[in-house]
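K.L.:
Okay, predicted coordinates and the sequence, questions at the end:
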Amino acid sequence: MSYSDYIKERFNLKYKDISTGSDMLDLVTGKYRVGTGIHFLGASSSGKTFAVCELIYGAMKEHGKDNVEVGFLSTEGGFSFDTETMYGYSLEDCFRSSETVEDLISDIQIFADEKKKDTIGVYIVDSLDGLSSVEEQTMQEKAKKAFEKGEDFDEKSYRSGKSKKIHEFFRVIGGEWLVNNNMIVVIISQLKDNFESMGANWTYNGKRPLTHWPNYQLFFRQVELFGEKGRSSGYRAHVKALKSRTDTPFRECYLNCYFKSGMDNVGTSVDFLFDLADDSGKLNTEKCKAVQWDENGKEYSTAEVKSFIEEAGRMDDVRALDTKK
């Protein structure tokens, strides 16, 4: 019995796995499972938020909007995606508020208690870095008062308090809690630089527990921008699974993301099938101009191939080829 089947049988889970929104990323992750924790990390504009929006869309598409409830905590207030236009759902009433890790621990449990029992709950935290702790706030207030009085403030470091609370947070929302509450929790971590590979110099809050807690841990990196300089329309991202729950040999892939439409599932698959990228993952302009699609050897542009697949509804054929390659 697979892990997924075991969990479904043990906890009476009603729902199947959820697509990532990309056939290539589905191969890397084996799709997301209800009752799991997910960690996305990477620099700005590397595909993390697109991946979150696609996850929500995948859940609603497969199980119905009424069967999915979303909570979104944006601690840095930077979410500006028009999800209603791009995906057909609105997050306007989904945003949550927490200032401290303690607030978050309470809020995520309140969210799970208040949602309907049989619905899938998706809770996103973007990111832990924007949260403080009660101890940190108390020490900051003491430091402020000392400064106003012209006094020195030599209290011991309060940063360990936040670290302890982050560890507590991951203990509270452990595997069994996620499964029992039909929840998926996504933690987004922002890396300062667009690192080319994983390394010890990555810094983000909760780094130690986040190496153990998630069932899926995906590293996102921007490879190239699409469009003219200063007027980009999107970018190509490299995604590597540092942790996943799949028995497939796939551990990394490339995704084409566009600011107005999200992940380009068809285009990404076409690029992979025809091997249109160079060793760095960037698309080869010359290769993209003409590819052979049929047995007659006639050449088409990648745009023509993509258009044909979309109009003819032949994505299932492409999926089969993706898996075989």
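P.N.:
Ah, there it is.
K.L.:
For the stretch 151-300 of the chain, give me the ranges with low pLDDT.
P.N.:
152-160, 193-201, 292-298, 300 (pLDDT under 70).
K.L.:
all strands for it, in order.
P.N.:
183-190, 216-228, 231-243, 252-258, 262-263, 291-292, 299-300 (DSSP state E, counting those that start in this stretch).
K.L.:
okay, now residue 219: neighbour count?
P.N.:
22 (other C-beta atoms under 10 Å). From N, CA and C alone the C-beta is placed, and that goes for glycine too.
K.L.:
Quickly list what it is bridged to.
P.N.:
residue 41, residue 240 (DSSP bridges).
K.L.:
Let me see the contact set for residue 232.
P.N.:
Neighbouring residues of residue 232 by C-beta atoms under 8 Å, 6 or more residues apart in numbering: 225-226, 259.
K.L.:
ok, back up a step: could the strands of the stretch 151-300 of the chain go into CSV alongside distance to residue 168?
P.N.:
CSV is the format used below for these (distance: least, C-beta to C-beta, whole Å):
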stretch, distance to residue 168
strand 183-190, 15
strand 216-228, 20
strand 231-243, 22
strand 252-258, 33
strand 262-263, 34
strand 291-292, 53
strand 299-300, 56
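K.L.:
Can you tell me which of those strands is nearest to residue 127?
P.N.:
Closest to residue 127 of the strands of the stretch 151-300 of the chain, according to C-beta to C-beta: strand 183-190, at 4.9 Å.
K.L.:
partners of the closest one in the sheet?
P.N.:
When DSSP bridges is applied, strand 183-190 pairs with strand 36-42 (parallel), strand 120-126 (parallel).
K.L.:
Quick check: mean pLDDT of the first one?
P.N.:
Computed over strand 36-42, the mean pLDDT rounds to 94.
K.L.:
Same check on stretch 81-92?
P.N.:
90.
K.L.:
can you check stretch 110-117 too?
P.N.:
Mean predicted confidence for stretch 110-117 is 95.
K.L.:
Give me every residue in contact with it, excluding its own residues.
P.N.:
69, 71, 96, 121, 123, 181-183.
K.L.:
about what we covered before: tell me which of the strands of the stretch 151-300 of the chain lies nearest to residue 275.
P.N.:
Closest to residue 275 of the strands of the stretch 151-300 of the chain, according to C-beta to C-beta: strand 291-292, at 9.4 Å.
K.L.:
Just the terminal-to-terminal distance for stretch 121-136.
P.N.:
30 Å (C-alpha to C-alpha, to the nearest Å).
K.L.:
Now do the buried residues in that stretch.
P.N.:
121-128, 130-133, 135-136 (16 or more other C-beta atoms under 10 Å).
K.L.:
Would you point out the most distant pair within those residues?
P.N.:
Farthest pair in those, by C-beta to C-beta: 122 and 135, 29.9 Å.
K.L.:
hang on, the earlier thing: will you turn the contacts of stretch 110-117 into a markdown table that also has distance to residue 78?
P.N.:
Shown next, in a markdown table, are the contacts of stretch 110-117 (distance: C-beta to C-beta, whole Å):
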| residue | distance to residue 78 |
| --- | --- |
| 69 | 23 |
| 71 | 17 |
| 96 | 15 |
| 121 | 23 |
| 123 | 18 |
| 181 | 28 |
| 182 | 29 |
| 183 | 24 |
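K.L.:
quick one: which of the residues you listed is nearest to residue 87?
P.N.:
Comparing the contacts of stretch 110-117 against residue 87 with C-beta to C-beta picks out residue 69 as the nearest, at 15.9 Å.
K.L.:
Go through the buried residues of stretch 121-136 and name the one nearest residue 245.
P.N.:
Nearest member of the buried residues of stretch 121-136 to residue 245, counting by C-beta to C-beta, is residue 122, at 17.3 Å.
K.L.:
now the closest one: how far from residue 215?
P.N.:
14 Å (C-beta to C-beta, to the nearest Å).
K.L.:
Can you give me the domain boundaries for the chain?
P.N.:
3-263, 265-325 (automatic domain parsing).
K.L.:
Go through the ones you listed and pick out the most buried.
P.N.:
Most buried of the domains of the chain by mean neighbour count (mean count of other C-beta atoms under 10 Å) is domain 3-263; its value is a mean of 18.
K.L.:
so how far is it from its chain's centroid?
P.N.:
6 Å (C-alpha atoms, centre = their mean, to the nearest Å).
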